[in-house]
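Asker: sequence and predicted structure below; questions after.
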There are 2 protein chains.
Amino acid sequence: MNHRYAGRTTITLSLTLSALALGLSPALAQQTPPPAPSEIVAAAPTSDWLAISPDDILIMTLAPDAAGHARRIIIQLMPAPFASAWTHNVRTLARASWWDGLAIVRSQDNYVAQWGDPDGEDAAKARPLPTGLHPTTEAEYVTAAPGLGFTAAPVRDAYAERVGYVGGFPVAGDATSLWGVHCYGAVGVGRGMSPDAGTGAELYAVNGHAPRHLDRNIAVIGRVVEGMEHLSSLPRGTGPLGFYENPAERTTISSIRLASSLPAAQQPHFQYLGTNSASFARYMDARMNRRDPFFIRPAGGADICNIAVPVRRVPAAG
Amino acid sequence: MNHRYAGRTTITLSLTLSALALGLSPALAQQTPPPAPSEIVAAAPTSDWLAISPDDILIMTLAPDAAGHARRIIIQLMPAPFASAWTHNVRTLARASWWDGLAIVRSQDNYVAQWGDPDGEDAAKARPLPTGLHPTTEAEYVTAAPGLGFTAAPVRDAYAERVGYVGGFPVAGDATSLWGVHCYGAVGVGRGMSPDAGTGAELYAVNGHAPRHLDRNIAVIGRVVEGMEHLSSLPRGTGPLGFYENPAERTTISSIRLASSLPAAQQPHFQYLGTNSASFARYMDARMNRRDPFFIRPAGGADICNIAVPVRRVPAAG
């Protein structure tokens, strides 16, 4: 394999420097090079992993690509009480098979890929929404902090007083409230001008550097935990804001389903690394201070969006 | 146009709140809604724009895409004294047409697209490097700060004591030195294990959230200022680290040229918004506090990578 790259490897030429950064003796370090974040995650005990409810898993299937390959995207929905009016609506829309046959309508470089009803603005042609949707309000862009089980990340943040994790999700906050953050892969709710807060029928996923200025201006409802490459590698739209100008450029959505709506044998199962676990603390430290052999200078900090909560696919419980 | 989106528009329903945030009277604000960052840039006077030297512009042309469309990427090289050994080498390689017929070998989601010699690791098959390359060292990942003309960005940063701009580029620093930062679109030099610092023959561009942990661990030599979508939308490689497993998946590089090597009539011309200008100060403030009508809550801060230095293409001087 080509060794000239930006990244990490298992070769250990810079071992001594890394070992010194850890305070290990060089002799000990020769035997135990500092682990990479991925190695810490791989070594985490089963007890540090928490199941994601099948009610919190959306399975988005796009039409096969030009080579005929399947394209499946897994989205984890944010746990209540975050964005619960929108996640209720998203579940309702998925159970109604509402998105089936609709499309990805927008792909703007270093911003978002967005999907929904291409005819949504045309009352005569728009697909009717299902019954049972909840009203949504701007007030719900933030959530009262007490009782949420916040795990702080010991990092500086350019946008908020504090950042950390709740229920497997990165969040930002002030003294009294918390809110979802627009990291790479975050899924949010398209909306019109204020005070419209969107129904949840039009969604987007962040495909570039975290557009954190959208935090508290729009609802974050989940994040892509598998298959993001199917959204990020779509051709960019050439219209304003990256909308596709020609309907033929859109990618058709075959279906969006809740995992809990599938027959038990077909349900995928996922876990996230509990953010209160010792493994997560080690992982966070390793993301902030890369000491694995490729690195010569640990940063001493990290952006919250560069400390993504690890998620893994697991076999069904026997 | 579909109005339900994540982004901005010219509709002004939330005008009053935005106007209050600016300290304008609602009556005045009715006439002058707060400008979006793009509007500030569009209104900047000619005197605020600075020419980019044709010696600092790389033109990378990929093989046409499947539909036969041209793919051209413009890279601005970092000004001396930053990374000058590598930028010397990159100019030398471009003048030697060294990359012509080589390929993009790696596309890792939310990390980098990388190009160079697919046979670079095989001494029997590797393309020989041209003469005249300079040696490179890790010490040059940082540059002594005095005399560089640093413009501070008034933001918190998770990775460095200070961040700002030099010569149209985002930089980070401490009390004595400055270094290039890995924002979206940043171009860096692939390398082996320390103390190898790379020649510049293998390059990458960041295609996701800024991997700032690479700062000071690898050389940043430039940034993509046009055509980034041709790199970011490439199919992801399925091998380790996003390398393409099958040579047929690679994208061929038709050529990489310095603008200054082209006949005068074929040279493209670019300018960047001077970071000491009044327009840039307004633009930076508007990026930190979005008051254009879509936004209901200005952030009061921004990540340095969300305040990209504007670049524009201009006609040749008559």
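Answerer: Looks like it came in fine. Residues are numbered from 1 along each chain as shown, chains lettered A, B, ... in the order given.

Asker: now stretch A:151-170: buried residues?
Answerer: Residues A:151, A:153, A:155, A:157-160, A:162-170 are the ones in stretch A:151-170 that count as buried (16 or more other Cβ atoms under 10 Å in any protein chain shown). For every residue, glycine as well, the C-beta is placed using N, CA and C.

Asker: mind listing which of those are in strands?
Answerer: A:151, A:162-166, A:169-170 (DSSP state E).

Asker: residue A:251 - how many residues pack around it?
Answerer: Neighbour count for residue A:251, taken as other Cβ atoms under 10 Å in any protein chain shown: 20.

Asker: for it, which non-adjacent residue is closest in space?
Answerer: Spatially, and ignoring its direct neighbours in sequence, residue A:251 is nearest to residue A:104 (4.4 Å; Cβ to Cβ, 6 or more residues apart in numbering or on different chains).

Asker: just confirm that neighbour is within a strand.
Answerer: Yes - applying DSSP: H, G, I helix; E, B strand; the rest coil, one finds residue A:104 inside a strand.

Asker: hey, what's it bridged with?
Answerer: residue A:115, residue A:251 (DSSP bridges).

Asker: now do it, the pLDDT please.
Answerer: Here, the pLDDT recorded for residue A:104 equals 98.

Asker: over to residue A:219?
Answerer: 98.

Asker: how many neighbours does it have?
Answerer: 28.

Asker: quick check: it touching residue A:189?
Answerer: Yes - the criterion here is Cβ atoms under 8 Å, and residue A:219 meets it with residue A:189 at 4.3 Å.

Asker: contacts for stretch A:169-182, please.
Answerer: A:78-79, A:82-83, A:141-145, A:148, A:150, A:153, A:157, A:159-166, A:183, A:186, A:188, A:206, A:210-212, A:214-216, A:219-221, A:223, A:304-305, A:307-309 (Cβ atoms under 8 Å, 6 or more residues apart in numbering or on different chains).

Asker: just the buried residues of these.
Answerer: Judged by 16+ other Cβ under 10 Å, buried ones among the contacts of stretch A:169-182: A:78-79, A:82-83, A:141-143, A:145, A:148, A:150, A:153, A:157, A:159-160, A:162-166, A:183, A:186, A:188, A:206, A:210-212, A:214-216, A:219-221, A:223, A:304-305, A:307-309.

Asker: tell me which of those residues fall in strands.
Answerer: Per DSSP E, the subset of those in strands is A:143, A:162-166, A:186, A:188, A:206, A:220-221, A:223.

Asker: what about residue A:76, helix or strand, and which?
Answerer: strand A:71-77 (DSSP states H and E).

Asker: which outside residues touch that strand?
Answerer: So strand A:71-77 is contacted by A:52, A:55-65, A:87, A:90-91, A:168, A:187, A:205, A:221-228, A:230-231, A:268, A:270, A:272, A:311 (Cβ under 8 Å, 6+ apart).

Asker: and with 6 Å instead?
Answerer: The contact list for strand A:71-77 (Cβ atoms under 6 Å, 6 or more residues apart in numbering or on different chains) reads A:52, A:56, A:58, A:60-62, A:65, A:87, A:187, A:222-227, A:230.

Asker: list the buried residues of that strand.
Answerer: A:71, A:73-77.

Asker: between those residues, which is nearest chain B?
Answerer: residue A:71 (11.2 Å; Cβ to the nearest Cβ).

Asker: which strand residues bridge that closest one?
Answerer: residue A:62.

Asker: distance of it relative to residue A:132?
Answerer: To residue A:132, residue A:71 is 29 Å away according to Cβ to Cβ, to the nearest Å.

Asker: who in the stretch 51-200 of chain A is up against chain B?
Answerer: Proximity of the stretch 51-200 of chain A to chain B is confined to A:109-110, A:112, A:121, A:155-156, A:158-159, A:184, A:190-194 under the rule Cβ under 6 Å from any Cβ of the partner chain.

Asker: which one in these is the model shakiest on?
Answerer: residue A:121 (90).

Asker: what's the neighbour count on the closest residue to residue A:242 other than its chain neighbours?
Answerer: Nearest non-adjacent residue to residue A:242, counting by Cβ to Cβ, 6+ apart: residue A:108, 2.6 Å away. Residue A:108 has 22 neighbouring residues, counting by other Cβ under 10 Å.

Asker: check the one 3 residues further on too.
Answerer: When neighbours are defined as other Cβ under 10 Å, residue A:111 has 21 of them.

Asker: show the contacting residues for it.
Answerer: By Cβ under 6 Å, 6+ apart, the neighbours of residue A:111 are residue A:208.

Asker: confidence score at it?
Answerer: Reading off the model, residue A:111 has pLDDT 98.

Asker: just the helices in chain A please.
Answerer: Here chain A has its helices, by DSSP state H, at A:15-22, A:26-31, A:37-42, A:84-95, A:228-232, A:278-288.

Asker: and the closest residue to residue A:250 other than its chain neighbours, how many neighbours does it have?
Answerer: Residue nearest to residue A:250 in three dimensions, not counting chain neighbours: residue A:103, with 4.0 Å by Cβ to Cβ, 6+ apart. Residue A:103 is flanked by 19 other residues according to other Cβ under 10 Å.

Asker: chain neighbours aside, what residue packs nearest to residue A:307?
Answerer: residue A:287 (4.6 Å).

Asker: just for chain A, where's the confidence low?
Answerer: A:1-31, A:317-318 (pLDDT under 70).

Asker: what residue lies at the spatial centre of it?
Answerer: residue A:223 (2.8 Å; Cα atoms, centre = their mean).

Asker: what is the neighbour count of residue A:312?
Answerer: The burial count for residue A:312: 16, using other Cβ under 10 Å.

Asker: thinking again about what came up before, for the residue nearest to residue A:251, give me its contacts.
Answerer: So, once contact is read as Cβ under 6 Å, 6+ apart, residue A:104 ends up touching A:113, A:115, A:250-251.

Asker: any idea how far it lies from residue B:103?
Answerer: 28 Å.

Asker: do residue A:248 as well
Answerer: 29 Å.

Asker: also residue A:132?
Answerer: 52 Å.

Asker: swap in residue A:268?
Answerer: Counting by Cβ to Cβ, the gap from residue A:268 to residue B:103 is 35 Å.

Asker: check contacts around the closest residue to residue A:57 other than its chain neighbours.
Answerer: Excluding its sequence neighbours, the residue lying closest to residue A:57 (Cβ to Cβ, 6+ apart) is residue A:259, at 3.8 Å. By Cβ under 6 Å, 6+ apart, residue A:259 lies in contact with A:54, A:57, A:267-268.
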